[in-house]
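Trainee: Output the structure for:
(chains A and B)
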Amino acid sequence: MIWLAWRQHRKQALFGLGVVALLALIMIPSGIAIHRSFVDTGYAACLDGFGRAEFVPLAQVNGCEQARDAFRNGQDSWQIFATLLIFLPLLAGMFWGAPLVARETEAGTHHLVWTQGVTRRRWALTKFGLVGLGVLFAAVAYSLLLTWWVKPLSRATGGGFGFLIFDLHGIVPIGYTLFALAVGILAGAVTRKVLPAMAVTLVGFVAVRALVEFAARPFFLAPKSRTFKVATTEIPNPASQDWLLSYSLHDSNGPDSNGGYAFCEPSVTCPDEGWFNFHVYQPGDRFWLFQYIETGIYLALTALLLYLAIRLVRRRIT
Amino acid sequence: MGTALSTALQTAGLGKRYGRTWALRDCSLELPPGRVAALVGPNGAGKTTLLHLAIGLLRPDEGGVEVMGHKPFDNPHLLGQVGFVAQDTPLYPDFSAAELIRMGAKLNRRWDTPLATERLTRLGIAQDRPVRKLSGGQRAQVALALALAKRPRLLLLDEPVASLDPLARREFMQALMGGVTEEGMTVMFSSHLLDDLERVCDYLIVLKEGNVRVKGDVEELVAAHNLLIGRAGEPVAIPGVAEVVRETHSGKQASLLVRTEGPVEHPEWTVRDVTLEDLVLAYLSVPARQEVAA
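Mentor: Predicted structure coming up:
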C-alpha cells in the first residue's frame, strides 16, 4: 500500500519539493537583504532600545522615525509578495488534496484498487497519512523559512499580531496547510470530480480562513484596555508587539464620536484639555498563545474533515 | 470448507436503491460453484448493482448477499478470494502492466505474479509501457490478468467486452475461458450482448428493471422452453405448457414462446426448439412479472 501511494504521488512530491526549493531560492537572498537593511538603517537597534516597558518616551519614538521610514521604504514590494504567500496552503489543498479521492472516482480506478485485498479504511489511512506527511514536511519547511524571513517586517510594522503577518509565521501556516489538504480530500470525496473539488476547496478554505481571522481570533482571549493622555511625554511601546483592536479619544464627558488616536508633547500648541486615548488590545506577549489556539483549531478541523472523508470512502462512495 | 459449499454466490430478497429508485429489488438467486454464469439484461437492469453488491463495493439496503458463505461488504478476507473486472476495465493509465502486477502483489495476500506475467507475455502485450498506450482490447486483457492473478474462487466481470471490437471481444472471451478451465473457478459476467453466450456460459440470469426474470442452467432452460407456431385466435389451454412467456402475431400466424412442464402435443401447434438467444429476448421483451400479475 505504501509502495502504491508513493508510486501514485511521487510526481506531486517532486513538484512540492520544487515549490519549496523555488521559495527558498527567492526568500533566502531577499531575507538576508531585509535583515541587513533592518540592521543597517538602525531601526533594529532603535526597537531594541525601547526595551519591554509598556510606555516609552515620545521623544525616543520620534527619534527613531527616520530609521523606521528608511527601512520601511525599501520593503513595500516585499510586503505585497508576503501577502501572496498566505495563499500557498491552497496549493496543497487544490493539487494534492482535491484529486486524492476524486481522480480515482472520476476514472473509475477506485473499483480496481478497492477490490484488492486491503480495506478501504486502510487505503484511505495510508494515502491520507502519506500525502499528509509530505504536506507536513513542506509546510514545516516554508513556515521556518517564512518565520525567519518576515521577522524584520513584522517588528517594523507593529509586531507579529499584525493583520496577515500573524498568518505568515510561527506554526499557524502548518495548521492552514494541513487544513487545506483535508478540505481538498473531503471535497473530492463529496463531489467525486477533480475540478469541482478544486473549486470547493478554494471557496471553503478562504471562507473558513476569513471567518477565523475576523470573527474568532480577536476574541480568543478577552482583550485588555488602557488609557493615556493626548498631551503626553510617553506613548505605548512600539516594540511591544501589541495588537490594537480598537482606539478612540475620550474626554471627561465620554468618547469622541469620531474616534481617533492622537498624542503630542505638552506645549502651548498642545495644552492638556483632559483628552485621553482609549485602547482595546491584545498584548504582544500573547502571540504564541494565540498561535497555539489558532493552530489547534485548524488541526481539530483537519481531523474532523479527514474522519468524514474516511467515512465517505468506507460507506458511501461506489 | 471449499468443497462443502453448495453456492458460490447466494442472494435472498436482495435490494439496493439510489434515492427513491430501486436499482435492484427482491433479487434471490444461488450460483452453484464451478459455473460460468451470464448476467444478462438491458442497460439499467441492475447488473452492475448486483455485481457491486457481490464484490462488496455496495452495502445492501434490503435482503442479503453471501459470497462463499460470507457477507462481502468491507470484508478484506473475501476480497482476496474474489476477482473483479470493473466496467470499462479501469487501470491507472500511467502505470505499466508490470507495475499494476506489482501493485496487486503488494495489496493481496494471495497473488500469482508468474500467472499474470506469463498470460500477458503469451498475448504479446508489452508490460513495460504505460497502459494508456495499449489498445482497449489489451487493457481489458491486463485487467483480466490482474483479476486472475488473485487465483480467485469467484471471478466477477462487469460488461468486460462491451467497449471492444468483435475481434478483441472474441480474444477476451477465449482468454477468459482459458483462465476458467485452468482454475476451475466460478465466474459471473454481465453482458447486454447476446452473441456467443451459448458457447461461453452454462448458467443464465436474466435481469430486467431490477428484478430477476429467469435464472437457471442453460441446458435445462433451453430444454424447458419451446416455440409454438399455429393459427392466431382465442387462447386455448395447451397441455404441457406452464407459461406463455411471449406471444407474437404476424398475420394469421401466432408464435408462442412457452415454458413447458412436459411434452407439448397439440394438433394445431407446431413445436420447435428455442435457442438461448430466443429465450433471453422473449423474457426481456415482456413486462416484468409483477406488472403482468397486476
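Trainee: Strands along the stretch 101-250 of chain A, start to end?
Mentor: For the stretch 101-250 of chain A, the strands defined by DSSP state E, counting those that start in this stretch cover A:224-229, A:234-236, A:243-251.
Trainee: any idea which of those strands is most buried?
Mentor: Per residue and on average, the most neighbours among the strands of the stretch 101-250 of chain A fall to strand A:234-236, with a mean of 18 (mean count of other Cβ atoms under 10 Å in any protein chain shown). To be clear about C-beta, it is placed using only N, CA and C from the backbone, and glycine gets the same treatment.
Trainee: so A:Ala262 touches A:Leu249, yeah?
Mentor: Yes. Counting by Cβ atoms under 8 Å, A:Leu249 is a contact partner of A:Ala262 at 6.2 Å.
Trainee: what residues are shared contacts of these two?
Mentor: A:230, A:275, A:277 (Cβ atoms under 8 Å, 6 or more residues apart in numbering or on different chains).
Trainee: The closest residue to the first one other than its chain neighbours: neighbouring residues, count only.
Mentor: In other words, A:Val230. In space, A:Val230 comes closest to A:Trp275 once its chain neighbours are excluded; the distance is 4.2 Å by Cβ to Cβ, 6 or more residues apart in numbering or on different chains. By other Cβ atoms under 10 Å in any protein chain shown, 17 other residues sit near A:Trp275.
Trainee: Repeat that for B:Thr270.
Mentor: 11.
Trainee: ok, now how distant is the residue nearest to it when sequence neighbours are not counted from B:Thr248?
Mentor: For B:Thr270, ignoring the flanking residues on the chain, the nearest one in space by Cβ to Cβ, 6+ apart is B:Ile229 at 4.6 Å. According to Cβ to Cβ, to the nearest Å, B:Ile229 stands 10 Å off from B:Thr248.
Trainee: shared neighbours of those two, anything?
Mentor: Both B:Ile229 and B:Thr248 are contacted by B:254-255, under the criterion Cβ under 8 Å, 6+ apart.
Trainee: ends of stretch B:77-86, how far apart?
Mentor: 19 Å (Cα to Cα, to the nearest Å).
Trainee: which stretches of chain A form helices?
Mentor: A:2-40, A:43-49, A:58-73, A:76-84, A:88-91, A:98-107, A:110-113, A:120-156, A:165-168, A:172-191, A:194-211, A:287-311 (DSSP state H).
Trainee: so does the last one get close to chain B?
Mentor: Just to be clear, that refers to helix A:287-311. No. Contact of helix A:287-311 with chain B (Cβ under 8 Å from any Cβ of the partner chain) is absent, the minimum separation being 12.2 Å.
Trainee: List the buried residues in that helix.
Mentor: A:287, A:290-291, A:294-295, A:297-299, A:301-302, A:305-306, A:309-310 (16 or more other Cβ atoms under 10 Å in any protein chain shown).
Trainee: Columns pLDDT on top of the residues you listed, output as JSON lines?
Mentor: Below are the buried residues of helix A:287-311 laid out as JSON lines (pLDDT from 0 to 100):
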{"residue": "A:Phe287", "pLDDT": "93"}
{"residue": "A:Phe290", "pLDDT": "95"}
{"residue": "A:Gln291", "pLDDT": "96"}
{"residue": "A:Glu294", "pLDDT": "96"}
{"residue": "A:Thr295", "pLDDT": "97"}
{"residue": "A:Ile297", "pLDDT": "97"}
{"residue": "A:Tyr298", "pLDDT": "97"}
{"residue": "A:Leu299", "pLDDT": "97"}
{"residue": "A:Leu301", "pLDDT": "97"}
{"residue": "A:Thr302", "pLDDT": "97"}
{"residue": "A:Leu305", "pLDDT": "97"}
{"residue": "A:Leu306", "pLDDT": "97"}
{"residue": "A:Ala309", "pLDDT": "97"}
{"residue": "A:Ile310", "pLDDT": "96"}
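Trainee: Would you mind listing what in the stretch 51-200 of chain B touches chain A?
Mentor: B:52, B:55-59, B:74, B:76, B:79-80, B:82, B:84, B:86-88, B:90-93, B:95, B:99, B:102-104, B:106-110, B:143, B:146, B:150.
Trainee: Tell me the buried residues within those.
Mentor: Among those, the ones that count as buried by 16+ other Cβ under 10 Å are B:52, B:55-59, B:76, B:79-80, B:82, B:84, B:86-88, B:90-92, B:95, B:99, B:102-104, B:106-108, B:143, B:146, B:150.
Trainee: Which of those fall in helices?
Mentor: Those of these mapping onto helices are B:52, B:55, B:76, B:79, B:99, B:102-104, B:106-107, B:143, B:146, per DSSP H.
Trainee: Which one of those is nearest to chain A?
Mentor: Among these, B:Leu107 lies closest to chain A (Cβ to the nearest Cβ), at 3.8 Å.
Trainee: Skipping adjacent residues, who's closest to the closest one in space?
Mentor: Excluding the flanking residues, the one nearest B:Leu107 by Cβ to Cβ, 6+ apart is A:Gln116, at 3.8 Å.
Trainee: Report how many residues lie close to that neighbour.
Mentor: Neighbour tally, A:Gln116, other Cβ under 10 Å: 21.
Trainee: For it, grab phi and psi.
Mentor: The phi/psi pair for A:Gln116 (degrees, to the nearest 10) reads phi -90, psi -180.
Trainee: my guess is it contacts B:Gly83, does it?
Mentor: No. Using Cβ under 8 Å, A:Gln116 is not in contact with B:Gly83; the gap is 10.1 Å.
Trainee: For chain B, which segments count as helices?
Mentor: B:47-55, B:76-79, B:97-107, B:113-122, B:136-149, B:166-183, B:197-200, B:218-223, B:276-285, B:289-293.
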